[in-house]
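Q: Build me a model:
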Amino acid sequence: MLGELKALLGPRVLSGPEKRVYRYDAILVGPEPLAVVLPESREEVQALVRLARRFGLPLVPRGAGSGLSGGAVPEEGALVVAFTRMTRLELDPQGRTAWAEPGVTTARISEEARPFGLFYPPDPASWRTSTLGGNLGENAGGPLCFKYGVTGDYVLELEFVDAFGEVHRLGRQAYDLPGLLIGSEGTLGLITGVRVRLLPLPRYRATLMAAFPEVGALAAAVSQAIAEGAVPARLEFLDPTCVGAVEDYLGMGLPRGDALLLAETDGDDLEVVQEELSLVEETAASFGARVQKARDEKEAEALWRARRAVSPALGRIRPKRVNEDIAVPRSALPQVVREIQALGKAYGLIVAQFGHIGDGNLHPNILFDPGREPEEKVWELAHEIARVALRHGGVLSGEHGIGLMKKAFLAEAMDPDTLEALWAVKGALDPGGVFNPGKLLP
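A: Just a heads-up that it's a prediction; the model follows:
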């Protein structure tokens, strides 16, 4: 079988020690794959699927490996399909669209669209390294998701290879099959291309930072501001643990001990942009926050640098972490963040909370040292955090996916009839179980 693979892809088949690095995503580690393949065209992907089907080999799609739920972690004997060499990008400025292969990095789309006055809104924190294929697999969001939506909201057309090695290029009319593949974590087909919408760059933006005495007050202010009609482009938060970690990392002069809210409004009418930011400012102040407005683009970028630095900064506190990714109704935010904070104290573990609070998407990170804290306790806490979301009408994942990490939790989140229906979909589109087996569905 390896001989056939090498005849097909030559040196783009990795079967020696170099394949070890493909055991990982950003959180979890799996067994070594049988081999790693790096296709450069949809025709090569078709040939891979047909070969895998013939030999009964599982295929695990992989982008940049920046995922946070184990979706790209292989099982033993699998072929990892790394899409990082499929990087064709074609812009249509007049039609305000772009056609991209799955290995295109997320940031590159906006960078190439900017000279035409356009941008691609989905902006996960890993946008400079994460690839569009991975974003599609997880239906990723980012700080702009509150106002602008997530990856799936920008897909006009999707190209994928099915379980029989056939290529389909489909729009979203009638049966929305692309919508079914988006967020399916590579379990229903291998995406080889996508046409996405681009938007005009807004002319104005305004940014502020609000420091709150505690994270519950911050959450209550967000809930009220949105109820009163605020629709900021970005609405992000950092709890005091995150603030301290970023300050240790960057030395920006952030207020230690406070919870921080970062808000940005944008649009083509400067007066409306400023009015909307003032609504957030006044609401924050009514909940005891101290507010600092960015005076220019440089100050605004410095504030957003603090948010982007959270993940690397937390790595300095403990060597390992479990990054939860729940989403809850905004009305439940104050109670949820306080309950999670209390759970961390009860378990004696460090829990840092941050995320896209505007749409209720929270990232509670459990920080631990395997030499000092038992991993079983960490996973117990992760499960309890998931239960907090479910109790308050939320879901297990806002954008990171289920993967391996939360597969066991899904049985509590869905009734048996729903799970049976999902398995029926999997059986219909992947009858041989070739695509990313062991992920997503319990």
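
Q: what helices or strands is the helix or strand harbouring Ala225 leaning on?
A: Assigned by DSSP states H and E, Ala225 belongs to helix 215-227. Packing partners of helix 215-227 (3 or more CB pairs under 8 Å, 6 or more residues apart in numbering; DSSP states H and E): strand 204-212, strand 234-238, strand 259-267, helix 270-286, helix 333-347. Heads up, the C-betas are built off the backbone N, CA and C, glycines and all.

Q: Using PDB, list the CA coordinates for that helix.
A: The C-alpha trace of helix 215-227 is given here as PDB (Å, rounded to 0.1, in the frame of the first residue of the first chain):
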ATOM      1  CA  VAL A 215     -16.000  39.000  35.900                       C
ATOM      2  CA  GLY A 216     -19.700  38.600  36.800                       C
ATOM      3  CA  ALA A 217     -20.200  42.400  36.600                       C
ATOM      4  CA  LEU A 218     -18.500  42.400  33.200                       C
ATOM      5  CA  ALA A 219     -20.900  39.700  31.900                       C
ATOM      6  CA  ALA A 220     -23.900  41.500  33.300                       C
ATOM      7  CA  ALA A 221     -22.800  44.700  31.500                       C
ATOM      8  CA  VAL A 222     -22.400  42.900  28.200                       C
ATOM      9  CA  SER A 223     -25.900  41.300  28.500                       C
ATOM     10  CA  GLN A 224     -27.500  44.700  29.200                       C
ATOM     11  CA  ALA A 225     -25.600  46.600  26.500                       C
ATOM     12  CA  ILE A 226     -26.700  44.100  23.900                       C
ATOM     13  CA  ALA A 227     -30.300  44.100  25.200                       C
END
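
Q: Next, the angle from it to strand 259-267.
A: 20 degrees (axes from the mean of the first three to the mean of the last three CA atoms, to 10 degrees).

Q: so for helix 215-227, what's the average pLDDT?
A: Averaged over helix 215-227, pLDDT sits at 95.

Q: Can you give me the buried ones in it?
A: Val215, Gly216, Ala217, Leu218, Ala219, Ala220, Ala221, Val222, Ser223, Gln224, Ala225, Ile226 (16 or more other CB atoms under 10 Å).

Q: So what angle separates the directions of that helix and strand 234-238?
A: 170 degrees.

Q: Please tell me how far stretch 101-120 is from the chain's geometric centre.
A: 18 Å (CA atoms, centre = their mean, to the nearest Å).

Q: rewinding a little: so can I have a markdown table of the buried residues of helix 215-227 showing distance to Ser66?
A: Output for the buried residues of helix 215-227, formatted as a markdown table (distance: CB to CB, whole Å):
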| residue | distance to Ser66 |
| --- | --- |
| Val215 | 26 |
| Gly216 | 31 |
| Ala217 | 32 |
| Leu218 | 27 |
| Ala219 | 27 |
| Ala220 | 32 |
| Ala221 | 31 |
| Val222 | 27 |
| Ser223 | 30 |
| Gln224 | 34 |
| Ala225 | 31 |
| Ile226 | 29 |
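
Q: per the record, what domains does the protein have?
A: The chain resolves into domains spanning 2-82, 89-200, 204-311, 318-411 when parsed by automatic domain parsing.

Q: where does the protein have low pLDDT?
A: Scanning the chain for pLDDT under 70 picks out nothing.

Q: most packed of the helices and strands packed on helix 215-227?
A: strand 234-238 (a mean of 26; mean count of other CB atoms under 10 Å).

Q: chain center to that one, what's the gap?
A: 15 Å.

Q: about what we covered before: now render the helices and strands packed on helix 215-227 as CSV, adding distance to Pro416.
A: Shown next, in CSV, are those (distance: least, CB to CB, whole Å):
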stretch, distance to Pro416
strand 204-212, 42
strand 234-238, 36
strand 259-267, 40
helix 270-286, 43
helix 333-347, 27
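
Q: Not counting sequence-adjacent ones, nearest residue to Glu324?
A: Closest residue to Glu324 apart from its sequence neighbours, by CB to CB, 6 or more residues apart in numbering: Pro364 at 4.5 Å.

Q: that's a helix at the one you found, yeah?
A: No - judged by DSSP: H, G, I helix; E, B strand; the rest coil, Pro364 forms no part of a helix; its state is strand.

Q: Does it touch Ile340 like I think?
A: Yes - here Pro364 reaches Ile340: they are 5.1 Å apart, a contact under CB atoms under 8 Å.

Q: Let me know how buried Glu299 is, in neighbour terms.
A: 13 (other CB atoms under 10 Å).

Q: got it, and Asn436?
A: Neighbours around Asn436, by other CB under 10 Å: 28.

Q: again, but for His392
A: Quick note: His392 (other CB under 10 Å) scores 17 neighbours.

Q: what's the residue nearest to Arg307 when sequence neighbours are not counted in contact with, if anything?
A: Excluding the flanking residues, the one nearest Arg307 by CB to CB, 6+ apart is Glu236, at 5.1 Å. By CB atoms under 8 Å, 6 or more residues apart in numbering, the contact list for Glu236 reads Pro143, Leu261, Leu262, Ala263, Arg307, Phe354, Gly355, His356, Ile357, Gly358.
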